[in-house]
Structure formats: structure tokens, C-alpha cells
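Trainee: pasting the structure only:
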């Protein structure tokens, strides 16, 4: 049976377009910012940074989209960004000491010009969101300050991990604490109506992602298609798992066995729920798809580690 299954990759272009807006509501384009700082600090690597920035920005957006949208828990979607990740890998391989350069850039104190640039970029990226929430100029300034500060903390954590001065456990703890603090402050700044708008966008993204993933699973079911009721139940299970997923680049510093177990746990949770309403043949197909996804995620993990210059 498994030999007859043809993997149908999910078309994520529409998801990524929508994700660009959602990403602006969170922490910005991490590696694009990293590359801009590295280029400023290390002029001799300028030509390599240009190629790496373009590739890693594409890769970073896709990875982050998959984390928030739940693609890390299900289905082999990594083929969609193979070209971008390979380009990033090649560029990183040519740049010796990439990890140290990134860490140095992240750990450096940005100039006033750089801080102003970060604020201007954040404000521009969130312009549509500010219009939707109708924030006052004062609240807009507070929100921008919050996002810039959280990005600074994120950069500091990454620098500590790359330099070996911060443990993974401490980084994860700081990340989770910072996220909760960020959410609390966002709620306070936005007020009830603005917070509801933000949560509505996030819930819509999760629902759209779960629906797309369920459609991709249906395309692989062959002679055992899901009924509408099964499809709805599976979509609900996937959406719940999407909301529970918190993995990001911090987790790349974990040992591979630990990282693999975290991904497997998410996949197994979906399988356990699905066992209550899928037939044995459908469960076998779903389990096969998750196994294929894990293989590709492990390959992508290695590419990501090399692109970031993480030493393991």
C-alpha cells in the first residue's frame, strides 16, 4: 500500500502571502535583520551576505510560517523551499565563521541610526494592522517600541546560544517568558477591540492552515477518502495542535534526538486523536505521511543549522 502512495505537496504560496501579514504582527524577519547587521559589521563578507540574505529571508519566512501554521507537525512541505535552503547552505559554507559573525552582530549595541531604522521598518510592516485597530499615535509608538525591544531580546538570546554563553534551557525559559510578557503588553496597548482583532487574525491563520493541511491529506487518501465528518474532525485536531506548537530556532540548539522527539510528539498527538474516527487504512496513510514529513524536517534542520552557523 505504501508504495502506491504519491506524496502531494501542499501549495503554500497562498499561505505564505497571508503569513507575511501575520509575521509582521509578531517578531519581524529575523534572519533578514541578522544579515543586515552582519553586513554592517563585516564589510569584507558583503558579497556573500547579499546572496545569503535573500536566500535566508525566504527560508526564514517559510520556516516561521510552518511553525505558527502547524506544518512542523504534519506533511512533507519542505520541497517548497528546497532552492532557497540550498542557496543559503552554499553561501553559509563559503563564509567561514558564519556563526561567530552572526553572534557578533546580534550581540553588538546598535547605533542610533540602526535603532531608528528598526523602528521605521517595524512601523511600516505593521501599518495595515494599525489601520485595522485604529490605534492612536501614542499607542502606535508604544506598540512599535514593544516589538523592537522584543526583537532585541530575541537577538541577544540567539547571540548567547551561538557564543555558548547561554544554555538551551535558559534560552527556552527566557523565550517563553518574553512571549508571555509580549502578549500581556500587546493586550494592554491594543485594548479589548484591538486585542480581539489580533486574536481573530491569528485564529483565522490557524484555521486556514488546518484546512489546507487536511485537504493535502485528503489528496493522499487514494481509495480511502475522508468523509466530510472525518475531514472536519481532522481539521479540528490539527488546528488544536497548531495552537499548541511553540518550536522555533531556539530548539535547533537541542540535541537531534530531543528535537526529533518533540516533533514526533506533536505528530503522535494528531494520530492518537485521529484514531478515534479514521479507518485503519486511513490511519496507515496518515502515519506514513507523518513519517515522510519527519525525514524531510530532519534534512531541513541540518540545512538550517549550517546556514545559521550553529556548532554542534
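Mentor: Noted; the coordinates are in hand. Note that the structure is predicted; figures quoted are calculated from it, not measured.
Trainee: so where is the chain shaky, pLDDT-wise?
Mentor: For the chain, applying pLDDT under 70 flags the ranges 1-110.
Trainee: now with 80, please.
Mentor: Applying pLDDT under 80 to the chain flags residues 1-111, 312.
Trainee: can you give me the strands for it?
Mentor: Using DSSP state E, no strands are assigned anywhere in the chain.
Trainee: longest helix of it, counting residues only.
Mentor: helix 168-219 (DSSP state H).
Trainee: what helices or strands is that one leaning on?
Mentor: Judged by 3 or more C-beta pairs under 8 Å, 6 or more residues apart in numbering; DSSP states H and E, the packing partners of helix 168-219 are helix 13-24, helix 46-69, helix 127-133, helix 137-163, helix 228-244, helix 280-308. From N, CA and C alone the C-beta is placed, and that goes for glycine too.
Trainee: one more pass at 10 Å, please.
Mentor: Applying 3 or more C-beta pairs under 10 Å, 6 or more residues apart in numbering; DSSP states H and E, one finds that helix 168-219 contacts helix 13-24, helix 46-69, helix 127-133, helix 137-163, helix 228-244, helix 256-274, helix 280-308.
Trainee: tell me what angle it forms with helix 137-163.
Mentor: Interaxial angle, helix 168-219 versus helix 137-163 (axes from the mean of the first three to the mean of the last three C-alpha atoms, to 10 degrees): 100 degrees.
Trainee: and residue 111, which of the helices and strands packed on helix 168-219 is closest to it?
Mentor: Of all these, helix 137-163 sits nearest to residue 111, with 13.3 Å by C-beta to C-beta.
Trainee: circling back to that earlier point, out of the helices and strands packed on helix 168-219, deepest packed?
Mentor: The highest mean neighbour count among the helices and strands packed on helix 168-219, using mean count of other C-beta atoms under 10 Å, belongs to helix 46-69: a mean of 21.
Trainee: can you give me the first-to-last residue distance of stretch 117-134?
Mentor: Stretch 117-134 has an end-to-end distance of 23 Å (C-alpha to C-alpha, to the nearest Å).
Trainee: brain fart, stretch 239-251
Mentor: Start to finish, the residues bounding stretch 239-251 are 22 Å apart (C-alpha to C-alpha).
Trainee: and for stretch 244-261?
Mentor: Across its full length, stretch 244-261 reaches 15 Å end to end, with C-alpha to C-alpha as the criterion.
Trainee: let's have the helices and strands packed on helix 168-219 in TSV, adding distance to residue 212.
Mentor: Putting the helices and strands packed on helix 168-219 into TSV (distance: least, C-beta to C-beta, whole Å) gives the following:
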stretch	distance to residue 212
helix 13-24	6
helix 46-69	8
helix 127-133	22
helix 137-163	28
helix 228-244	10
helix 256-274	15
helix 280-308	14
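Trainee: out of the ones you listed, nearest to residue 192?
Mentor: With distances scored as C-beta to C-beta, the stretch of the helices and strands packed on helix 168-219 nearest to residue 192 is helix 127-133 (10.9 Å).
Trainee: now do that closest one: everything it contacts.
Mentor: Helix 127-133 is contacted by residues 21-22, 24-25, 123, 126, 135-137, 139-140, 143-144, 189-191, 193-198, 200-201 when judged by C-beta atoms under 10 Å, 6 or more residues apart in numbering.
Trainee: list the buried residues of stretch 198-209.
Mentor: 198, 201, 205-206, 208-209 (16 or more other C-beta atoms under 10 Å).
Trainee: likewise for stretch 170-188?
Mentor: 171-172, 174-175, 178-179, 182, 185-186.
Trainee: return the distance of residue 128 relative to residue 140.
Mentor: Distance, residue 128 to residue 140, using C-beta to C-beta, to the nearest Å: 12 Å.
Trainee: make that residue 116, sorry
Mentor: Distance from residue 116 to residue 140, by C-beta to C-beta: 16 Å.
Trainee: please apply the same query to residue 242.
Mentor: Counting by C-beta to C-beta, the gap from residue 242 to residue 140 is 29 Å.
Trainee: same question for residue 251.
Mentor: The gap separating residue 251 from residue 140 is 33 Å, by C-beta to C-beta.
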